[in-house]
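1. Next one to model:
(2 chains)
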Amino acid sequence: MIRVRPPFPSPFSPPPLSPPLVPPSSPSSLSPSLWRLQPTFASCQRPLAEECPASSALQRRRLWRSRWWRRWRRRLWPSSGSCQGQPAGSLGGPPASRGAVPRGSMAMNYNAKDEVDGGPPCAPGGTAKTRRPDNTAFKQQRLPAWQPILTAGTVLPIFFIIGLIFIPIGIGIFVTSNNIREIEIDYTGTEPSSPCNKCLSPDVTPCICTINFTLEKSFEGNVFMYYGLSNFYQNHRRYVKSRDDSQLNGDSSALLNPSKECEPYRRNEDKPIAPCGAIANSMFNDTLELFLIGNDSYPVPITLKKKGIAWWTDKNVKFRNPPGGDNLEERFKGTTKPVNWLKPVYMLDSDPDNNGFINEDFIVWMRTAALPTFRKLYRLIERKSDLHPTLPAGRYSLNITYNYPVHYFDGRKRMILSTISWMGGKNPFLGIAYIAVGSISFLLGVVLLVINHKYRNSSNTADITI
Amino acid sequence: MGSLAQREGLQDDEDKNSAFTWEVQANNRAYNAQFKEKVFLCWRKKKYKTNVIRTAKYNFFSFLPLNLYEQLHRVSNLYFLLIIILQSIPDISTLPWFSLGAPMVCLLFIRATRDLVDDIGRHKSDRAINNRPCQILMGKSFKRKKWRDLCVGDVVCLHKDNIVPADMLLLASTEPSSLCYVETVDIDGETNLKFRQALMVTHKELTSVKKMASFQGTVTCEAPNSRMHRFVGCLEWNDEKYSLDIGNLLLRGCRIRNTDTCYGMVIYAGFDTKIMKNCGKIHLKRTKLDLLMNKLVVVIFISVVLICLVLAFSFGFSVREFKDQHYYLSGLHGSSVAAESFFIFWGFLILLSVTIPMSMFILSEFIYLGNSVFINWDVQMYYQPQDVPAKARSTSLNDHLGQVEYIFSDKTGTLTQNILTFNKCCINGRIYGPDSEARTRPKENPYLWNKFADGKLLFRNAALLHLVRSNRDAAVREFWRLLAICHTVMVRESSDQLLYQAASPDEGALVTAARNFGYVFLSRTQDTITIVELGEERVYQVLAIMDFNSMRKRMSVLVRKPEGTICLYTKGADTVIFERLHSRGATEFATEAALAAFAQETLRTLCLAYREVAEDIYDDWQQRHQEASLLLQNRAQALQQVYNELEQNLKLLGATAIEDRLQDGVPETIKCLKKSNIKIWVLTGDKQETAVNVGFACELLSDNMLILEEKEITRILETYWESNNNFLTKKSLSQVKLALVINGDFLDKLLVSLRKEPRALVQNVNVDEAWQEPGQSRRDFLYARRLSLLCRRFGLSLAALPAEDPAEDSGARHRSEVLQERAFVDLASNCQAVICCRVTPKQKALMVALVKKYHQVVTLAIGDGANDVNMIKTADVGVGLAGQEGMQAVQNSDFVLGQFCFLQRLLLVHGRWSYVRICKFLRYFFYKTMASMMVQIWFACYNGFTAQPLYEGWFLALFNLLYSTLPVLYIGLFEQDVSAEQSLEQPELYLAGQKDELFNYWVFVQAVAHGVATSLVNFFMTLWISRDTAGPASFSDHQSFAVVVALSSLLSITMEVILIIKYWTVLCVVTVLLSLGFYAIMTTITQSFWLFRVSPKTFPFLYADLSVLSSPSILLVVLLSVSINTCPVLALRVIFPALKKLLAKEEKVEEGPSEDLFAVEPLPHLYRESRARRSSYAFSHREGYADLITQGTILRRGPGVSSDIASESIDPSDEVASSSPKESHWHLRKMSFLGRKKRQSQGQVSSLEVQHLPTTSSSFSMDRQSAFHSENQLAVPRYVLTSTSRLSGSFWEQLPRVQERPLSPKQRPPSEKLLLTKERSCSHQEKPPLHRESQLSSSESQPQPLGSQSLLSGQLTLESQPDSSEEKSAFLKPSTPLWKSWQKEPLTPKEGTVPLPDKTHKSQVETLPPSLEEPSTSTSEQPMEVEPWPAEKQSSSSMEWLLVPGEEQPSLPPDEQSLPSAEVTKGQQ
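-> The predicted structure follows:
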């Protein structure tokens, strides 16, 4: 991957990707030979380095291991380990990957150091009285190290590899995303022509409007039904804070005495609000129903599954109904419903497993969106059989019980039907991004190749880039 | 010496404290306790402190509040405290409390732990010190107590090797005259023994414990102060007053040596002691990067505030909408728009406070510490001989080491070893150098005849030794006698060896030389000095020691000889001695020439002179001396005046030369440092010649340099200043190698403004850089030869200036000074080398300050002595060498090294690494902070500017603590871009640090931009992908979004760190894995159900990571973001250097030939030889020792030595008998000329002189002349000095015989014969008959002009050279300047041909000897001045001459063999 810089720069650095000049060890990036075993280790270790002028990689690896072991052993039990005074100059240093390195220079360095030291070569700590620093690899900053140098030659394979990996991924995602069927129906009703236009005035309660639409192609597999809101600041700081997780987790004391964060949606008429806070108070409460309008004019209702739309952890861990008897109403006794709600929390659904705080619509709402435009999962349309598409092509009608006003703040309300794939809903951007990144990476690889070509001709000394 | 300001302060302090307000009564605690001083209002405390020392800052209770208080004093901490306080206000609280609180507490805790550990250490050492045992007189007996129990006025008993617990007045000791020896290593680092002495009265009276107990003396003295070497007070006892000074005082921290028991009375205790008063605060130096770091943090802070303002305004617009339209929010907005905006501003401030890198400071502290520890650990900077490892005393300057551009180096002890060896001497105008090195080292030590010789003297001169042993030449005798008498060396025996403890190494070398030559300084008492002269012990009565000081530049000893005559021996700088000479004759001239020659060889010189003092003069003087020494005020000046009166009419004896050796590896180090573009300036108090020669020796100067001196500099500066024209651009000057040699006086003239207002050191003067372009060159620049060359060099760029506006008058003067200074610094900085000679410590500091002022560069000062302290403190980095000159430099330095050559490693390896590390650290830290925290701002744009934090609170809290810290720390501590060896091999790498390349504003901007880009990518990638999606694998909700962005950020910065780390070790892998592991662990913990149950509000991200990251598509998003962040950076990192290199190469190809043009052209070496050769004072002596000796009683004699002497010494009666009338000595002195001449002719030491003899009509003048010539030419090259050690054994064996070779009658002129016989008779009888002397003296006592004329005539006969007439004219006038010019001029042309002695002399040696060996007269006729190195010729030839005929080996003359016995018999007569 990245070529190792020899510890002492050879006068010319062999250009990568040109086989004749690459040192034999360079491709094996993780071979121990790539660690810079600095020649000037503790003086005691000199004999070790000399033991084996091995050339084969296996031998080298063994040698390296044994060095490490002995080094540690020596550090742990300093007395162990033989120490034969050998001429310093003959130290070969790590034998690997040094083909081009002039040995002389290394030996010379070593000699010079020895002369400076002048100490006994076999006593790393010196005698007890001197203030001579310990000659250990760590203290002398000579830990065996791998010093990669980023040159065009070493880096360009990375770019090609990235390109080669990313482009297929991108294409895969893109194709997958394109295969996803999705239909979006805006039912805000601000346009006068919209069937829901009538519901804009607060006087009409309850207001039910119906929007008809046609699916050109059938939706295979599980279909997700979302509602989408725009310009709705669920990420407003005070809004986000305005909830009491203790209460939602079924804490009875918090139920009756919600956190102050919920202000001003904490109490209503001296009764604690359950669930308190602005988030709960502003819960989306339109009811959407989907009908397939077949050949006969009688619309067939599509079964919408209410459960399984929230995170498992939310439903089972984070949200809990307050403890108490079987009767949910009993458990919520002493609390009142949020101001904007039509029904109290224990009447959200008839299914006791989907009622109260663990009502999945409620849980989904309570998981605030990151951005002002967001979708939330509303219902699941499960595939019934492999033979029939979940939603066959045809005309459908969407029945909306219009409760939730968004036109005050120029918001939009949408209903989305979408199939899903392994990577979630329709998301063309990710695929395009991957393809783009892959292509750019490939391009960079080519540029680097050119540079490397020029670079090789120009100068060869290992440069130091910081 | 402190810095300038401190010095001034000190002087004020001195004035204030001179009042004698300190009163202490012995053995009377109650009395002493009554003194109180007002502290605060009416609260009073005891005036005298107890001996308890508390250096610890905190105690058990005060630690927490005090430490917190101290820590919160730091602005950054205070800021964060404020933020945390703000955070607790719910309205503006945007971050959970722990996000800022946890890091803050952590940082405070870490720092507090460090302080605590430090303080515990201090407590321990305090306790150890306070609990040291001591014996205090309680009631009637001494009781064992602890140091802490000591009070002022107590009488303390100390034993051998005890440490003095407080400043005490020495009362008595078991030594004779109550002397007490102390070692002051802990105080000033000097290892030599010093002695203190009790007052005579206490010595005599306090002889028992009982008497001690009843001792009621009262000491009145000055209030406690920090002057270590001064103390004035008086002891009042039994209604009598006795004056006290520092010699009576035992200072806290000294160690008692060689003294069994001594008793003292505590005067100052505890913090009042002088050593404690000296423990000043450490002057805090800050590095460029440190300052930049602070500035950048301020910049960040300001930008954060601005951003907050913008965001708050934006919020102001949106909040109205929220209130009116977003009904679900309107309930949350109660207050007015303005109030809301105001709150949101603070909210944003809190939110964005994480952008200010708080932990950077503490991390950088750790990094500095770690790098310092690595310096301490470096075994390659460990100096074995002295057991000195390198030490970083200051732990905050490491990166500065990597940016040094100027090194200011002391010479003595820094470049040189400060090991001084006696190398040469000039006695009576005749030079005795070491014998030729042609022979190998003799097996037998020639000094063995003298049983006191230490045998280590490397100086070997057989002729001189012979001369000394023959004891015939009075001048020689007096010369060595002077060396043995006139000094302040103390002697000590250990194992039957004399050990000299000298105040200065020079003195030690001189006395040791005298000792080896048979004049052994044996012992001294307060008023006597015992020396053994050639086996004969003589006791000189010391009448006065006139001490050295830097003003006097000399020291004298007035002694009464055993014969009864009074004699004044003086040694000192040539300038002061020559001023005081009785007469000026040939000897003086010859000596002066010798001095010049010595100076040329980097030898330290001293002139020796003596004078006989008549009894009546002495009596008169003694009286005045007495008066002066009793003065209470201005005593020093009065004494100096009195001294000066006596030190007149001296007779010159000769001069000594001491070699100062270079340290190991100095030239290589300097070469290497120069390669790394570090400019080395040598600032020395030494004389110019010596300094320049050391400059050449250590390759600071080289032959092809144009050396500029005062005149040229003034000229150039004038031009510069008048023209107001920046002609000294790098371009014009880089073409020629320049070197500056200036001395202190010149600096004084030049740097007026600095001298006037030392405050200017602080402020940087903004001189407008916009100088005008050149117009035309100045013509008068061509006025001199040297200047013409200069002009040729600068000519093109020289410019006449647009006339200056006369309007600005007031500022003009100051401006001109500033300009001149600036011009000087510009000029100097363009020179390859700058040498400043004879600079005072203050000037040293000024030079450093000047460079700092005008060139904002990093300066490093290195030195080893007390005179470098000022400079070391002024420079950005001060390096102290643990040398021989004491510890003061070390104690004030930032780094301590054992050797100068370690500087190379310190700078090029450790400095560079530190710089690289800290730069990378900073760059990465800023990047990291921006990359992770800028996201908050982008997110603000999407949440209605409501300051909603994006990240989970715990991520914020732990991000800087755990997730991203370790790799940064690794970079700071272990990163190496290149190995140590490579750093040393490629000094060019150091340039990056000097140019601030690795971290500056641009890099900062880059880092910030990079960080912003990363944050943008992370945020918007996530945003675009997640926008308007939902479903099982979506992350459109806030928590998922936060998790994805956080993970992307974390991985991006981790990738970045992986890319920038160049030194991959196991540790590095561990740090990276640990950080990521911490992320995994800590998120799991903080998002666990258990913690959620405990506090759902604190841990709201329940299982967020788990749920989000289990989906592969989200991982793909993270991967995408990381790749987008990493790939382009990686590509840029590779492409840019490659392109740069390509460009550089192209440029190189273009520029290549032009550079060569200048390199080829050699510059004639113009300057070096035309300098006035004045040797001068080079005596690294300190004053005060004489007082110790004269006031202290004398050192006792060691039993071994004294017994030796007793067995050998002659009866005192004999001594008296042998002493002759005073006059005889005077005549003897006058004889010296003749005697010497005779000796020369007799001994055949010099073939040269022998060859002279037949040709001279007047042997007298001839001898003078030849002596003169030889002195003039005795510029023995340096190698001779070193070669002494290699003298052959055979030569030494032969020496005695050879020396005694009788002269052939032919060579001996009749007159010589006569004199010879006379001299012989003299030597035989020791005291020659008076009448003979008078005859001779009549011829000798001709008036001076006559003498010189006769000399001249002799010269004229000899020299047929054209410029001899020139010399003659100069010669006829006795005035000194002309004499100088005579010396100077003739040499100029010749040395032009032989420019650099160092390099050329070797070849000369090879070529010269053959020609010299032929004993032709032509050699003598050759004008001596023509040959630059005749001395070498002479010495080598003489050796040859001695060796070749050595075969004859005539037997020793009987008189020489029997010399010692003869002396003894003489003495007995």
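
2. For the rest of this, base every contact and every neighbour count on C-alpha atoms.
-> OK.

3. Please list all residues in contact with residue B:164.
-> B:158, B:250-256 (C-alpha atoms under 8 Å, 6 or more residues apart in numbering or on different chains).

4. Swap in 7 Å and give it another go.
-> B:250-255 (C-alpha atoms under 7 Å, 6 or more residues apart in numbering or on different chains).

5. mind putting those residues in TSV, neighbour count included?
-> Compiled in TSV, those are given as follows (neighbours: other C-alpha atoms under 10 Å in any protein chain shown):
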residue	neighbour count
B:250	29
B:251	27
B:252	23
B:253	22
B:254	24
B:255	24
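
6. Identify the residue of the stretch 201-350 of chain A closest to chain B, quick one.
-> residue A:237 (4.5 Å; C-alpha to the nearest C-alpha).

7. Now that residue: closest residue in space, sequence neighbours ignored.
-> Residue nearest to residue A:237 in three dimensions, not counting chain neighbours: residue B:948, with 4.5 Å by C-alpha to C-alpha, 6 or more residues apart in numbering or on different chains.

8. how about that neighbour, secondary structure?
-> Secondary structure, DSSP: H, G, I helix; E, B strand; the rest coil: residue B:948 is coil.

9. Check which helices and strands the longest helix seen in chain B sits against.
-> Determined from DSSP state H, the single longest helix within chain B is helix B:1112-1160. Counting by 3 or more C-alpha pairs under 7 Å, 6 or more residues apart in numbering or on different chains; DSSP states H and E, the packing neighbours recorded for helix B:1112-1160 are helix A:428-458, helix B:1001-1026, helix B:1038-1060.

10. quick check: angle from that helix to helix B:1001-1026?
-> Orientation of helix B:1112-1160 against helix B:1001-1026 (axes from the mean of the first three to the mean of the last three C-alpha atoms, to 10 degrees) gives an angle of 160 degrees.

11. Just want the angle from helix B:1112-1160 to helix A:428-458.
-> Following the same axes, to 10 degrees, one obtains 20 degrees for the angle between helix B:1112-1160 and helix A:428-458.

12. Chain B contacts on the stretch 251-400 of chain A?
-> A:264, A:278, A:282, A:367-377 (C-alpha under 7 Å from any C-alpha of the partner chain).

13. So residue B:1072 belongs to a helix, correct?
-> Yes. Judged by three-state DSSP, residue B:1072 forms part of a helix.

14. neighbour-wise, which of the residues of the stretch 251-400 of chain A next to chain B leads?
-> Within these, residue A:278 tops the neighbour count with 29 neighbours, counted by other C-alpha atoms under 10 Å in any protein chain shown.

15. Please name the residues that touch it.
-> With C-alpha under 7 Å, 6+ apart, residue A:278 has these contacts: A:239, A:242-243, A:262, A:265, B:328.

16. rerun that using 6 Å as the cut-off
-> Taking C-alpha atoms under 6 Å, 6 or more residues apart in numbering or on different chains, we find residue A:278 in contact with A:239, A:242.

17. Quick check: the gap between it and residue B:552.
-> Separation of residue A:278 from residue B:552 (C-alpha to C-alpha, to the nearest Å): 93 Å.

18. now do residue B:358
-> Distance from residue B:358 to residue B:552, by C-alpha to C-alpha: 59 Å.

19. Residue A:416 too?
-> For residue A:416, the distance to residue B:552 (C-alpha to C-alpha) stands at 104 Å.

20. which non-adjacent residue is nearest residue B:610?
-> residue B:569 (4.4 Å).

21. which residues of the stretch 1-150 of chain B fall in strands?
-> Counting by DSSP state E, counting those that start in this stretch, the stretch 1-150 of chain B has these strands, from start to end: B:22-25, B:36-40, B:43-46, B:133-138, B:141-146.

22. Please identify the deepest-packed of those.
-> Mean neighbour count, computed with mean count of other C-alpha atoms under 10 Å in any protein chain shown, is highest for strand B:22-25 among these, reaching a mean of 23.

23. residue contacts, residue A:358?
-> With C-alpha under 6 Å, 6+ apart, residue A:358 has these contacts: A:315, A:319-320.

24. could I get those residues as JSON lines with secondary structure, neighbour count and pLDDT?
-> Converted to JSON lines, the contacts of residue A:358 look like this (DSSP: H, G, I helix; E, B strand; the rest coil; neighbours: other C-alpha atoms under 10 Å in any protein chain shown; pLDDT from 0 to 100):
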{"residue": "A:315", "secondary structure": "helix", "neighbour count": "21", "pLDDT": "89"}
{"residue": "A:319", "secondary structure": "coil", "neighbour count": "23", "pLDDT": "91"}
{"residue": "A:320", "secondary structure": "coil", "neighbour count": "20", "pLDDT": "89"}
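
25. Output the set of residues of chain B in proximity to chain A.
-> B:325-326, B:328, B:377-379, B:943, B:946, B:948, B:1025, B:1028-1030, B:1033, B:1036-1038, B:1062-1065, B:1096, B:1113, B:1134 (C-alpha under 6 Å from any C-alpha of the partner chain).

26. Could you look up the SS state of residue B:671?
-> Under three-state DSSP, residue B:671 comes out as helix.

27. Ignoring the adjacent residues along the chain, who's closest to it?
-> The nearest residue in space to residue B:671 (C-alpha to C-alpha, 6+ apart) is residue B:699, at 7.1 Å.

28. can you check residue A:415 too?
-> Using C-alpha to C-alpha, 6+ apart and skipping the chain neighbours, the partner closest in space to residue A:415 is residue A:227 (4.6 Å).

29. give me phi/psi at the one you found?
-> Per-residue torsions, residue A:227: phi -110, psi 140 (degrees, to the nearest 10).
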